[in-house]
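>>> Fold the stuff below for me.
(4 chains)
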Protein chains: 2
Amino acid sequence: MTGRVRWRDDALGSWLGYWFDRLRGLRTDKHQAGFGTIRSEDGNLAHPDSPVRMERAARPMAAGEKDDAGQDAAARSATGTLGKAMALLELVAMADRPLRLTDLLHRCGQPRGSLHRQLCHLVAEGLLRQRPDLSYEPGLRLLKLAHRAWSRNDVKTLARPYLSRLHDATGETVHVGILSGVEIVYIDKVESRQTVRMDSRIGRSAPAYCTGLGKAALSALPPAALDSLLSCMVFERFTANTHSSRSSLLCDLEAIRRCGYAFDREEHEKEIRCVAAPVHSVQGNLVGGLSVTGPAYRVSMEQLEAWSGAVSSAARALSDDLSVALGPDMRGF
Amino acid sequence: MTGRVRWRDDALGSWLGYWFDRLRGLRTDKHQAGFGTIRSEDGNLAHPDSPVRMERAARPMAAGEKDDAGQDAAARSATGTLGKAMALLELVAMADRPLRLTDLLHRCGQPRGSLHRQLCHLVAEGLLRQRPDLSYEPGLRLLKLAHRAWSRNDVKTLARPYLSRLHDATGETVHVGILSGVEIVYIDKVESRQTVRMDSRIGRSAPAYCTGLGKAALSALPPAALDSLLSCMVFERFTANTHSSRSSLLCDLEAIRRCGYAFDREEHEKEIRCVAAPVHSVQGNLVGGLSVTGPAYRVSMEQLEAWSGAVSSAARALSDDLSVALGPDMRGF
DNA sequence: GAAGTATATTCCATATAATGGAACAGTTGG
DNA sequence: CCAACTGTTCCATTATATGGAATATACTTC
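Numbers count the residues shown, from 1 in each chain, chains lettered A, B, ... in the order given. Purely as a prediction, here's the structure:
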């Protein structure tokens, strides 16, 4: 074997439930070990944000760079073939236009033969679709699978009544989301009117550090887990109010922990404010949040403050429901 | 190698775009060949319906059964590791409750070691989530990927104005769907009110032969493709009006082809009627439909008849838009 | 319309990762 | 406490993925 860098080593995110079990020492796992998720020595997480970056092996590795052995050994035992396929799928899905083979070739630095075969497999499985012009885009099978994932989701089901009630009380759009790595994934919502697009945000993911839901969720994490996540956050600045450093985020989180709710002070999108509260099962394997969102011109910070009580009590109630539903007794649920 | 049957050979569906290219002889493909999709001799499709059946290899193959060589050779060159992983994912996703390792063991007849590793990989990738009680359910990553697949979907984007217009004209729920194998996948909708569940049907899939959208789509298929699909339909009876045979379906399709629109006469769900019209790009690589759906007590067959013109002209217009968008000139769209 | 360039596809010896049987460990229940 | 069941780990074998180069196919450009 040449000393070649594995192109997928640092791609892809990892997933909360998994981390938690690891962090709580519940599982020893050999199979899942490595793939760059947790560096064994310092316990840090590698690249859990999902916009995939595969460029690493694009260049043939200049002299002097050494592919350090430990990293290599750890990263080698990845999720294998599946991991590569998923990294590729993510790359196509997260692109903003259909990509052709050559485009992908440049972005992931894999040899043509391999890449082509992988794409063929993905297309045959319906995960990708190949357009008449030979470019690739995400396939319908994803929709179908996601529908099942969504319609059977415990959190969504349990949250619904609280969402409705919050919506009735506030008249604004109400969200529930789950933390997945360093991102928050929107699971369900009830909105004021047919605003812009019907369900534009369900399934959408956004960075945790700059959204109300995300910060609420982060505030509920045990210190070790939070540390792991922090170490792999990239603080991109979306607005003037976006947290741009670890310390400013930590300060905010501390405040959130004290009062039990979080604000999004136009940190992700200009003119959009929100108040959110953390939701978590006692087992700690699921962390998310509930939020009320509105446009700045209509919703003042005072208004959000006034709603904070309702939001956090709803979040607490939902947390209890969740803990019961996921509890050891209820196998099937 | 022992003469053991590969457990995955007959699992899983295949996907329309792919078939079309095959059927039109556009691609020679070696990589995608086989996996039981198209039997080389008679051109039939094997098991394109998606509710997965993996039980085949559960028994150790009784004496006398022979795993015929041709089939074996064809089926062997599958989508490989990815295919197995996806079949497993589908199995979990389509189940109606979280499954534990042993449950899966019974359903797919794979050795424990292999199954366990595959599940670990799926969990590590976020495609599955392992609950505290060690059972598996579909993971959040599916939602995230599907969101991208959905929000960038050409058909959805192009269909939206027509959906709105049809909804305004009829006041009932309007759907757009795409044919994917023998199933129709709901891509988008505009609904009358916040009926039962907000977007319950987006991403849902239903059999083509008993839905208005599905029949409309089938009617637009070239004979060869239709034949292929017919040969692997299983006519399950949902209501008294459900087509229960190939011939009755064909007869209906003929009528649909003549008049340009299809009815669902409470064939899938009791008390639900719909009128639909086919949508297809000239290239023939995308087939779907547009429909107006309503409850039987409110929407008479005469009413549907009256709407048929609007539906089919909208469908024609959308078809044109699609053909342009997918046309050879517009690379990026 | 021919030569040139960029792209997609196929081939095949080799390296790698999946396989599957069996042994081990942790839980439940009588 | 022992049986019966579950989930996990191990490791030699074998099937599968790999990747570089050769070939085919489209699009430009002159």
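>>> what separates whatever residue of the stretch 151-300 of chain A ends up closest to chain B from A:Thr293, distance-wise?
With C-beta to the nearest C-beta as the measure, A:Gly203 is the residue of the stretch 151-300 of chain A nearest to chain B, at 3.1 Å. The C-beta positions use only the backbone N, C-alpha and C, and glycine is treated the same way. A:Gly203 sits 17 Å away from A:Thr293, taking C-beta to C-beta, to the nearest Å as the criterion.
>>> Mind checking which of those two has more residues around it?
A direct count of neighbours by other C-beta atoms under 10 Å in any protein chain shown for A:Gly203 and A:Thr293 places A:Gly203 higher, at 28 against 25.
>>> So that one lies in a helix, does it not?
No. The secondary structure assignment for A:Gly203 gives coil rather than a helix, going by DSSP: H, G, I helix; E, B strand; the rest coil.
>>> Can you pull the phi/psi pair for it?
Summarising the backbone geometry of A:Gly203 under the convention degrees, to the nearest 10, its torsions are phi 90, psi -10.
>>> now swap in A:Ser291 and tell me
The phi/psi pair for A:Ser291 (degrees, to the nearest 10) reads phi -150, psi 160.
>>> can you check A:Gly212 too?
Main-chain dihedrals, A:Gly212, degrees, to the nearest 10: phi -60, psi -50.
>>> so it touches A:Arg265, yeah?
No. Using C-beta atoms under 8 Å, A:Gly212 is not in contact with A:Arg265, being 9.1 Å away.
>>> When the two are compared, which one has more neighbours?
Neighbours around A:Gly212 and A:Arg265, counted as other C-beta under 10 Å, are more numerous at A:Gly212. The numbers are 31 against 18.
>>> So the closest residue to DNA strand C within the stretch 151-300 of chain A, which state does it fall into?
In the stretch 151-300 of chain A, the residue found nearest to DNA strand C is A:Gln283; the distance is 14.4 Å by C-beta to the nearest atom of the strand. Taking three-state DSSP as the rule, one finds A:Gln283 in the coil state.
>>> Tally up the residues packed near it, please.
A:Gln283 sits with 17 neighbouring residues when counted by other C-beta under 10 Å.
>>> Leaving out sequence neighbours, find the closest residue to it.
Once its chain neighbours are removed from consideration, A:Gln283 has its nearest residue in B:Pro132; the separation is 5.4 Å (C-beta to C-beta, 6 or more residues apart in numbering or on different chains).
>>> Would you mind stating the distance between that neighbour and B:Val92?
Separation of B:Pro132 from B:Val92 (C-beta to C-beta): 17 Å.
>>> Pull the contacting residues for the spatially closest residue to A:Ser245 that is not a sequence neighbour.
For A:Ser245, the nearest residue in space outside its immediate sequence neighbours is A:Phe235; the separation is 6.3 Å by C-beta to C-beta, 6+ apart. Taking C-beta atoms under 8 Å, 6 or more residues apart in numbering or on different chains, we find A:Phe235 in contact with A:Tyr209, A:Thr242, A:His243, A:Ser244, A:Ser245, A:Arg246, A:Leu249.
>>> The last one should be in a strand, yeah?
No. Secondary structure of A:Leu249 (three-state DSSP): helix, not part of a strand.
>>> how much space between it and A:Leu229?
With distances defined as C-beta to C-beta, the gap from A:Leu249 to A:Leu229 amounts to 10 Å.
>>> Can you classify the residue nearest to A:Gln283 by secondary structure?
For B:Pro132, the secondary-structure state derived from three-state DSSP is coil.
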